[in-house]
Structures are given as C-alpha cells and as structure tokens.
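# structure for this input, please:
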Amino acid sequence: MPVDPMKVAIKGSTQEHLPIEDVVNGIVMLKDGSCAMVMQLSSVNFDLLSEREQSALVFAYGGILNSLNFPVQIIIHSNTKDVSNYVEKMKVAEAEQMNPLLKQRIASYRRFIEETVKRNDVLSKSFYIAIPFSALELGIKTVQKQTMGSIIPSITKKEEKLPFSKEYILEKAKASLEPKRDHLLRLFSRLGLDVKPLETKELIQLFYRMYNEDTSVNQKVQTLNYNSPTVTTKS
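Below you'll find the model as predicted:
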C-alpha cells in the first residue's frame, strides 16, 4: 500500500520545529545550546491570610526578588481538570450508602459539582520557576535570538547543530545552574513553600502536557518514552 508523502511530512514537522534538543539529568537543553532548570512551587491561599500575614508575605517575596543577581522566569500553567472520575466515585458512594440522610447529602453534593462544571471549567494551576543558562555563557560570540531559558520557547525554524557537544554544554550548564537552584531552594523555603526541582521524567511529562493539551488529558503518562530525546507515545 503506497504511503502518502504529505502525511509522513506532517508527522515529523512538529517535533523538528520544537526548540528542545534534549532533557538530561533534570536539565532542559535547547537547540541553540542554552539550557534551563525548572522547579515546581507549592501555592499559598493568600485570601485566607490575615492582613498582617499578607503584608509579611509580600515583603518577604519582594526581598527574594530584589536579592537575585541572575534572571529567572516565573510560570503559571493552567489546564482544565477532568472531574468525571470524581463524579463517578460519588455515584458509587451514593448507591452504597444505607443511611438515608447521608445518601441525600451525597446526592446533593454530586449535583452541585455537576452544575458547577457545566457553568465553568474546573482549572488546575501549577507554579514553576525556570533558571536559564544562556548560550552566551558558552563563549559564543554571535548568537541569534535567545529564548533565555523560557520553559515555553517560541517555535522557530529548524536550528543548526549544537555549538558544542552535549557533554560539554551539560557540564557548563550544571556548574552554573546548580548553585542558583540551591540558592532559590533556601530562599523560597523561608516563605513556607514546598520547592521541588523537576527531574527528567517530570520535565518530559510537563512539556508533553503543554504541547499536547487537547490529547494529554485522556492519555496515561506511563506511555511516554522517557529514554528518548524525542517524546513519543505507543500506538
């Protein structure tokens, strides 16, 4: 059976135009030689804090930003939450509940959730900090448009080969990024926030969800191939 060349071209075009070259040891390497580390932060319910606590938190956060002598990128990623499984579990609990009053309460709460989802999308927000390593730090004199370690770099035409070997770039990036990562871990832990540097598997999951928002909701992340620079899924 002949293969349509247009379908083959379309299949490979997206991967070729992604600016990510590889993800190794928790470091994202872009095709221009720049790199980045990404950390995930927990959130704080600011509205539940007292006025004094809010002022103290804002002051401490401002102090952190003013103390930095290197650039960072703060990312807020929102995605639609699928609550269908949660609703199904409530239906099962409602059917198994023998107490009439509790059964009525579960049914009322289930209807409330269903009506809320119909009116508004349920969003889940995640917070990240990206620490960039510029290709300029490799000693490159002329570098085209830099992404500055953006976690969602702009899609451009296919880049040329890496300016140096992956091993050399990773060695330089690790030496530059790890002290900055440790410094941020200490600073944000003082705010009572949980800070977690993302490992290779978690970074691949994150990028896959960002670039495949429509399909990733219904796919299991276990199907991803974490040993390959090219993110693929089993058919």
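
# pop the domain breakdown of the protein in here.
5-74+130-213, 82-121 (automatic domain parsing).

# what's the most buried one of these?
Sort those by mean neighbour count, taking mean count of other Cβ atoms under 10 Å, and domain 5-74+130-213 sits at the top with a mean of 15. Placement of C-beta: from N, CA and C, glycine included.

# pick out the residue nearest the middle of this structure.
Residue closest to the average C-alpha location in the chain (Cα atoms, centre = their mean): residue 206, at 4.1 Å.

# so what's that one up against?
With contact taken as Cβ atoms under 8 Å, 6 or more residues apart in numbering, residue 206 is in contact with 38, 77, 128, 198.

# and the first one, bridged to which residues?
It stands for residue 38. residue 130 (DSSP bridges).

# and the longest helix for the chain?
For the chain, the helix that runs over the most residues, judged by DSSP state H, is helix 166-189.

# chain center to the helix or strand just after that one: distance?
Sequence-wise, the next helix or strand downstream of helix 166-189 (DSSP states H and E) is strand 195-197. Here strand 195-197 is found 12 Å from its chain centre; the criterion is Cα atoms, centre = their mean, to the nearest Å.

# cool, stretch 41-59 as well?
Counting by Cα atoms, centre = their mean, stretch 41-59 comes out at 24 Å from the chain centroid.

# just the CA coordinates for it, please, in PDB.
The C-alpha trace of stretch 41-59 is given here as PDB (Å, rounded to 0.1, in the frame of the first residue of the first chain):
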ATOM      1  CA  LEU A  41       6.500  25.600  43.800                       C
ATOM      2  CA  SER A  42       3.500  25.000  46.100                       C
ATOM      3  CA  SER A  43       0.900  27.700  46.400                       C
ATOM      4  CA  VAL A  44      -0.500  29.800  49.200                       C
ATOM      5  CA  ASN A  45      -4.100  30.700  49.700                       C
ATOM      6  CA  PHE A  46      -3.400  34.400  50.100                       C
ATOM      7  CA  ASP A  47      -7.100  35.400  50.800                       C
ATOM      8  CA  LEU A  48      -7.200  33.200  53.900                       C
ATOM      9  CA  LEU A  49      -4.200  35.000  55.500                       C
ATOM     10  CA  SER A  50      -4.700  37.900  57.900                       C
ATOM     11  CA  GLU A  51      -3.700  41.400  56.800                       C
ATOM     12  CA  ARG A  52      -0.500  41.200  58.800                       C
ATOM     13  CA  GLU A  53       0.400  37.800  57.300                       C
ATOM     14  CA  GLN A  54      -0.300  39.100  53.800                       C
ATOM     15  CA  SER A  55       1.900  42.100  54.300                       C
ATOM     16  CA  ALA A  56       4.700  39.900  55.700                       C
ATOM     17  CA  LEU A  57       4.400  37.500  52.800                       C
ATOM     18  CA  VAL A  58       4.500  40.300  50.100                       C
ATOM     19  CA  PHE A  59       7.500  41.900  51.900                       C
END
